[in-house]
Each structure stands twice: as C-alpha cells, then as structure tokens.
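Colleague: Give the three-dimensional model of this entry:
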Amino acid sequence: MNKLKVGVFGCGSIARYRHLPEYAANTQVEIVAVCDIVEDRAKEMGEQYGAQAFTDYKTLLAEADVDIVSVCTPNYLHAPISIDALNAGKHVLCEKPMATSEEDALAMIDAAKNNNKKLMIAHNQRFVPSHAKARELIENGEIGKIYSFRTAFGHPGPEGWSIDGKGSWFFRKEEAFIGAMGDLGVHKTDLMRYLLGEDFVEVGAFVETGAKENSTVDDNAVCVLKSENGIVGTLAASWAYQKEDNSTVIYGEKGVLRLEDDPEYSLIVHYRNGETKNYDLGKIQSNEEGGQNSTRVIENFVNSVVNDTEPPINGEEGMKSLKVVLAALESSETKQIVQF
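Modeller: Numbers count the residues shown, from 1 in each chain. The predicted model follows:
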C-alpha cells in the first residue's frame, strides 16, 4: 500500500508534541510538508521530519502532494484553512474547537460532504482507556439510570504549554475567540456527550476573565448542563488550577463512576451494595507529563481514511460539542439559561 502523504499546518506545541510524533510513528503515512508563518519553526520541523517547509498554507496546498492534513493553528484559522484544504481534495484533521461559530462549523461540514473527504475533530478524551471503559459500563447498564455528573478540566494555563508562552495567541480574543472554555471546556462537553450517549439541550454558565494578566479571553468557567433526558451536572474549565485536574464523576442509580479522580486508579466504581471495583487502565495524557503517550487521535483519523470509514469524531460531532460552549458564553453574557 502506498503511504498517505501528510501536511501539517502550524508548527506550535500541539503539532510538536502530538500530531507530528504520532504521524511519524504511524506506518501508514509519511510527513511530506509542514507550514508555519514563523519561517524558523517551519524549517525546524521540516528538517526534523524530512518534510518540505512552507510559510503560506495556500502555497502548500497548491504545490505539495499531500493526501491528508492536520490543522494545528490558532482557533480563528481552523475553519478557513480546513475548508480550503477540503476544497483542494484533502482529508482534514482539525484541532478543537473546530471553529469559532456554528456557521463556520457548518461550512466545514458542507465542504467535507461536497468534496467527499473525511473531516475529523481532534477530541482526544474519547480515546482515554478509563473513558472508553466508563462508556461501556454505562451502555451495558452496570450503574443503571444516570442522574448526575460533575466534570472538570483545569491547569495553570497555556503559557506553560504554548510555544509562545505568555505571549501566546491563546490569550488574544481576535485569534482564540474562546479561552479556557474553548481550550478545555469543549473537551469535556464532547466527553460527556460521548459518555452519556445523549446531547445537551440547556446550559447556564458563569464565564469569567481575571486569572491571567494581558488576556482578553475567559480563563475560569463553571457551567450547569442538562441533557435531553434530564441528566443534570456541572462542568468546570479553568486556567487557574495550580495542579491539573481532568476528573469526572458520574452518579447512577446502581453506583458511582470516578474517572481520573484518584492518583492510583484511573477508574473506580462504587456500587450501591457497598462493593468497590478499581481499574488500573493507565494514566490519562497530561500536559504535565510532556505529552509523550499517544492520544490515538492520529491513529483513528488515518484508519478512517485508509479504510474509508466515518471518523469517530466527525464534523457533526465536533459541532454539537462546540454548540454547548457557544451556549455557555451566551448564558454568561445574558445571565439566562440558554436552550439549544
């Protein structure tokens, strides 16, 4: 089989620690082109991976022979670059949040359909072993009817992760549009939709800015969510947690699931009858760990292209998770519960 040729747009931290190493480790692809508006970054990654370096994504699309691309740019560029790549006949893996508006998300979905190309959004939390196991337990009725949940994703902020540190685009509204809710909250809206197997229909939220200097985006958010079947719970997203928290607790009629909430066991089930079951399924990927363990995002994307199957997190799925975040921002601004 001929290897799929890969192009990566954006050579910042998410490309360096996640996309490029995972493509390099995948025997079904080869990295042939990289692009970054900062020429030195593009050249550095190009040399490291034996790829042609570009500073303009349109030039890459016109001149490089690529089959699939990763979009690892600031949020405001996700939709335009993805749409141009799809229209150029490339399969697209786009970082989250997929877009900064529902209209842009729909345009991405339409571009994928019109060109008969795959569009996948890089929500890696679905592939965490404890999360996959929890979904299995919920689906087979192990903890019965689900009543409530609480989930959080917080860490000290992107300055410790982003290649630009405190000067990162993450803190500029015109480039990021959404802060902690777009960076972390959208991961958890996607995760909870996946775990519960249903969509959210109402949200009330407090979305605040105040933990970061020289920032024009939210950095601390708490939301109350209600699903279509009446499951209610809280979601917190923050750049103000001094130690990373990526935990979820789900409360059901037969027991409680604790995910990534214990230092030793990645999943703990407390049954109503007093029994406890501990699962050691390996640690969740963490920025604090340096991001060395695979997210399985690239693997799933490549397999969907090779096997011509639907990506596990397609454009529609990405848009549903984005809509919850957009509704949370609206709720915070209007001080109203938002239905969607």
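
Colleague: Distance check, R272 against A79.
Modeller: 46 Å (Cβ to Cβ, to the nearest Å). (Each C-beta comes from the backbone N, C-alpha and C, glycine too.)

Colleague: More neighbours: which of these two?
Modeller: Using other Cβ atoms under 10 Å, the more surrounded residue of R272 and A79 is A79, with 22 against 12.

Colleague: Would you enumerate the residues in contact with the more buried one?
Modeller: Each residue near A79 by Cβ atoms under 8 Å, 6 or more residues apart in numbering is listed here: 98-100, 104-105, 107-108.

Colleague: just L196 next, same as before
Modeller: So L196 contacts 138, 146, 149, 227, 231 (Cβ under 8 Å, 6+ apart).

Colleague: Recalculate using a threshold of 6 Å.
Modeller: S227 (Cβ atoms under 6 Å, 6 or more residues apart in numbering).

Colleague: Phi and psi next, for it.
Modeller: Torsion angles at L196 (phi, psi; degrees, to the nearest 10) stand at phi -80, psi -20.

Colleague: same thing with E213?
Modeller: phi -80, psi 150.

Colleague: Report the separation between it and G167.
Modeller: Separation of E213 from G167 (Cβ to Cβ) stands at 12 Å.

Colleague: More neighbours: those two, which one.
Modeller: Using other Cβ under 10 Å, the more surrounded residue of E213 and G167 is G167, with 12 against 7.

Colleague: For that one, which phi and psi angles does the backbone take?
Modeller: Taking degrees, to the nearest 10 as the convention, G167 sits at phi -90, psi 10.

Colleague: Look up the pLDDT of it for me, please.
Modeller: Reported pLDDT at G167 in the predicted model: 91.

Colleague: Kindly report the same for the one 4 residues further on.
Modeller: The per-residue pLDDT reported for F171 equals 92.

Colleague: now swap in E288 and tell me
Modeller: Reported pLDDT for E288: 49.

Colleague: all helices of the stretch 201-340 of the chain, in order?
Modeller: Ranges of helices in the stretch 201-340 of the chain, per DSSP state H, counting those that start in this stretch, are 297-306, 315-334.

Colleague: Dump those helices into TSV; add mean pLDDT and mean neighbour count as well.
Modeller: Below are the helices of the stretch 201-340 of the chain laid out as TSV (pLDDT from 0 to 100; neighbours: other Cβ atoms under 10 Å):
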stretch	mean pLDDT	mean neighbour count
helix 297-306	97	21
helix 315-334	97	21
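
Colleague: Now tabulate those helices in TSV and tack on distance to E47.
Modeller: Converted to TSV, these look like this (distance: least, Cβ to Cβ, whole Å):
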stretch	distance to E47
helix 297-306	21
helix 315-334	32
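
Colleague: I121: which of those helices is closest?
Modeller: helix 315-334 (3.2 Å; Cβ to Cβ).

Colleague: Could you measure from T276 over to R135?
Modeller: 20 Å.

Colleague: Name the residue in the two with the higher neighbour count.
Modeller: The neighbour comparison of T276 against R135 (other Cβ under 10 Å) goes to R135, with 17 against 12.

Colleague: Look up the closest residue to the more buried one, ignoring the ones flanking it.
Modeller: Using Cβ to Cβ, 6 or more residues apart in numbering and skipping the chain neighbours, the partner closest in space to R135 is L195 (5.3 Å).
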